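Colleague: Generate a structure from the sequence data that follows.
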Amino acid sequence: MARRYSVAANIDWVTILLYIALVFLGWLNIYASVYSENSSSIFDLSQRYGKQFVWIVASAFFILLILITEARFFVFFSYLIYGIFIFLLFAVLLFGDEINGSKSWFVVGGVGLQPAEFGKFATALALAKFVSAFNFKMHKFSSLAIIIAIVLFPAFLIYLQNDTGTALVYFVFVLVLYREGLSGIVLFFALLVGLLFVFSLILSNLALIILLIIIASAVLYFMYPKKNELWKAGILFLASVALVSGIFLALGAQFILSLILLISSVLSSMVLIVYSYRKRLKNVLLISIVFFGSLLFTTSVDYVFENVLEPHHQSRINELLGIDSDPLNAGYNVNQSKIAIGSGGFFGKGFLHGTQTRFNFVPEQSTDFIFCTVGEEWGFIGSLIVIGLFIALMVRLIFLAERQRSVYSRVYGYSVATLIFFHFLVNIGMTIGLMPVIGIPLPFFSYGGSSLLSFTILLFVFLRLDASRLDQLL
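Modeller: Numbering: from 1, shown residues only. Purely as a prediction, here's the structure:
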């Protein structure tokens, strides 16, 4: 009894209250999203809101189970739990059921479970275990290689299940590593890749290559102090571009101008890399390599977009970027969601009075697009309250993570915060048209047993670790 009292006394009740508020509001909005004049009790187990109540009760059971479990259990069995879920991700590819085009579900007795949702929790445990190891060094190549394997292996298996949205979630673990000492240049390159991907879709190849040349030249000019050496390098680069372009034109090559400029720039940047390496111009060398890599990446975007992404993902990205306009197909969900949210005004239409919601104009309105129900029925004020609760939860989690004495608990805590942050940002962003529709739920809010249970386990394992933060866990 003493140990249980210790857990109850040391557990963070602020976080628990935020969790209860979000789950309760989510349940009410699930009820509102499928409500009709013929709807029965909110506890009707034949309806989604009744089933969600069952999952809430199941989550409460797991909360109690986690809180009475010794914190060292999660530390000791981190790799085993990770291995079990890797096995389940394999198994669902062979024996799983296909729902909404994704073969990522086990359906037993009418109850569906999605291993990919629980895989986030398992990956967070394994990552925390590895990073907290005594001989771990963030900047060792072997350490980074193992981290990449831990994170990307489950993401790859989930991608094979045709669940690209959930697979993308795993890339958010890079923010956790940044807190643990990963160089900020990694985040820079991640941002650069994202920007290049977008610009490659909305700009012509010629315009993009010219833009890259201008940016690289400007960065070199303003960042490099030795102007004499810089002018030599710049003249060498421009001369190389002109020479190679002239050779292609002189030979009468039947290439379009953008392809000539691309080949010239690639070859010229290679010359500049060799020159800056021999002259020990580190900044010039780095910028030259980034420029060279950017050119190669932009040439691969069209292939990846056309051959790797699914057609519905292509159409949603094109709709988001304004490349195509298809309000009756690819853009239908988002357009209806924005209409629903906008119609709520400042104070909303009132609980159970949302017309867009009640008459089923918004597909997936109780799952991925649950936030449009909040916007329509509770208006700007209600939306602000929900967003405020999520922000308060994430800020609280970061505070808790920072007060941990063990690296394991801190890494795991930041994993919880960043996973919730990514889901929150993308889910609400896609309901208001700022993010592509990739089909991920709003934590604790969207209908779905796997989502609610997995996020509950993810959160309360951290709260259990935090309650034992004064113990020597490792």
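Colleague: what about stretch 134-144, how long is it end to end?
Modeller: Across its full length, stretch 134-144 reaches 15 Å between end residues, using Cα to Cα, to the nearest Å.
Colleague: Run the chain-centre distance for that stretch.
Modeller: Taking Cα atoms, centre = their mean, to the nearest Å, one finds the center of stretch 134-144 at 24 Å from the center of the full chain.
Colleague: What average pLDDT does it get?
Modeller: The pLDDT scores in stretch 134-144 average 79.
Colleague: list the buried ones in that stretch?
Modeller: For stretch 134-144, the neighbour count (16 or more other Cβ atoms under 10 Å) marks residue 143 as buried. For the C-beta atoms, the positions are set from N, CA and C on the backbone; glycine is no exception.
Colleague: Ok, stretch 102-111 next?
Modeller: 102-106.
Colleague: Helix, strand, or coil at residue 181?
Modeller: Three-state call for residue 181 (DSSP: H, G, I helix; E, B strand; the rest coil): coil.
Colleague: which one of the buried residues of stretch 102-111 sits closest to residue 452?
Modeller: residue 105 (15.4 Å; Cβ to Cβ).
Colleague: and residue 441, what pLDDT?
Modeller: Here, the pLDDT recorded for residue 441 equals 89.
Colleague: Residue 243 too?
Modeller: pLDDT, the model's per-residue confidence, is 63 for residue 243.
Colleague: related to what we said a few turns ago, point out the least confident one among the buried residues of stretch 102-111.
Modeller: Across the buried residues of stretch 102-111, the member with the lowest pLDDT is residue 102, scoring 75.
Colleague: CSV please, covering the buried residues of stretch 102-111 and showing distance to residue 33.
Modeller: Putting the buried residues of stretch 102-111 into CSV (distance: Cβ to Cβ, whole Å) gives the following:
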residue, distance to residue 33
102, 22
103, 27
104, 23
105, 22
106, 26
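Colleague: In strands, which of those appear?
Modeller: Of those, the ones assigned to strands by DSSP state E are 102-106.
Colleague: Return the member of the residues you listed nearest to residue 356.
Modeller: Within those, proximity to residue 356 (Cβ to Cβ) peaks at residue 102, which comes in at 26.6 Å.
Colleague: returning to what we had before: which one of the buried residues of stretch 102-111 sits closest to residue 24?
Modeller: Closest to residue 24, out of all of these and judged by Cβ to Cβ, is residue 105, at 26.8 Å.
Colleague: Quick check on residue 97: phi, psi?
Modeller: phi -100, psi 150 (degrees, to the nearest 10).
Colleague: And for it, the neighbour number?
Modeller: Per other Cβ atoms under 10 Å, the neighbour tally for residue 97 reads 13.
Colleague: Who are the contact partners of it?
Modeller: Taking Cβ atoms under 8 Å, 6 or more residues apart in numbering as the definition of contact, the neighbours of residue 97 are 103, 105-107, 112.
Colleague: Next: residue 212.
Modeller: 265, 291, 294-295, 298 are the contacts of residue 212 under Cβ under 8 Å, 6+ apart.
Colleague: Confirm it sits in a helix?
Modeller: Yes. Going by three-state DSSP, the assignment for residue 212 places it inside a helix.
Colleague: From residue 437, how far off is it?
Modeller: Between residue 212 and residue 437 the distance, using Cβ to Cβ, to the nearest Å, works out to 30 Å.
Colleague: Residue 413: neighbour count?
Modeller: Residue 413: 28 neighbours (other Cβ under 10 Å).
Colleague: Oh, that last question was meant for residue 286, not what I typed.
Modeller: Other residues near residue 286 number 15, with proximity taken as other Cβ under 10 Å.
Colleague: Specify the local secondary structure of it.
Modeller: helix.
Colleague: residues in contact with it?
Modeller: When the contact criterion is Cβ under 8 Å, 6+ apart, residue 286 has no partners at all.
Colleague: distance of it from residue 432?
Modeller: Between residue 286 and residue 432 the distance is 38 Å, computed by Cβ to Cβ.
Colleague: again, but for residue 426
Modeller: 11 Å.
Colleague: Look at those two and report which has more neighbours.
Modeller: Of the pair residue 426 and residue 432, residue 426 is the one with more neighbours under other Cβ under 10 Å, namely 23 against 16.
Colleague: Show me the shaky parts of the stretch 1-150 of the chain.
Modeller: Applying pLDDT under 70 to the stretch 1-150 of the chain flags residues 1-5, 39.
Colleague: now the helices for it?
Modeller: Counting by DSSP state H, counting those that start in this stretch, residue ranges of the helices within the stretch 1-150 of the chain are 2-10, 13-33, 48-67, 71-76, 78-95, 115-131, 141-160.
Colleague: related to what we said a few turns ago, could you single out the nearest of the buried residues of stretch 102-111 to residue 170?
Modeller: Looking across those and measuring by Cβ to Cβ, the closest to residue 170 is residue 104, at 14.0 Å.
Colleague: thinking again about what came up before, can I get the contacts of residue 97 in TSV including distance to residue 412?
Modeller: Below are those laid out as TSV (distance: Cβ to Cβ, whole Å):
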residue	distance to residue 412
103	30
105	27
106	26
107	30
112	27
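Colleague: Could you double-check that residue 416 sits in contact with residue 458?
Modeller: Yes. Between residue 416 and residue 458 there is a contact at 5.6 Å, judged by Cβ atoms under 8 Å.
Colleague: and for the two, which residues touch both?
Modeller: When contacts are counted by Cβ under 8 Å, 6+ apart, residue 416 and residue 458 are jointly contacted by residue 124.
Colleague: ok so, going back, just name the lowest-scoring one in the contacts of residue 212, pLDDT-wise.
Modeller: By pLDDT, residue 265 ranks lowest within the contacts of residue 212, coming in at 68.
Colleague: Break this protein down into its structural domains.
Modeller: As given by automatic domain parsing, the domain ranges for the chain are 2-181+324-467, 203-309.
Colleague: Deepest in the core, which of those domains is it.
Modeller: Mean neighbours per residue, mean count of other Cβ atoms under 10 Å, is largest over those for domain 2-181+324-467, with a mean of 19.
Colleague: mind listing the strands for the protein?
Modeller: For the chain, the strands identified by DSSP E occupy 97-99, 102-108, 111-113, in order along the chain.
Colleague: May I see the ones you listed organised as JSON lines, with distance to residue 37 added?
Modeller: Below are the strands of the chain laid out as JSON lines (distance: least, Cβ to Cβ, whole Å):
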{"stretch": "strand 97-99", "distance to residue 37": "29"}
{"stretch": "strand 102-108", "distance to residue 37": "31"}
{"stretch": "strand 111-113", "distance to residue 37": "29"}
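Colleague: mind checking which of these is nearest residue 17?
Modeller: The nearest among the strands of the chain, by Cβ to Cβ, is strand 111-113 at 28.1 Å.
Colleague: Show me the contact partners of the closest one.
Modeller: Contacts with strand 111-113, where a contact means Cβ under 8 Å, 6+ apart, come from 97, 99, 105-106, 449-450.
Colleague: so which of the residues you listed comes closest to residue 443?
Modeller: Residue 443 has its nearest neighbour among these in residue 450, at 12.0 Å by Cβ to Cβ.
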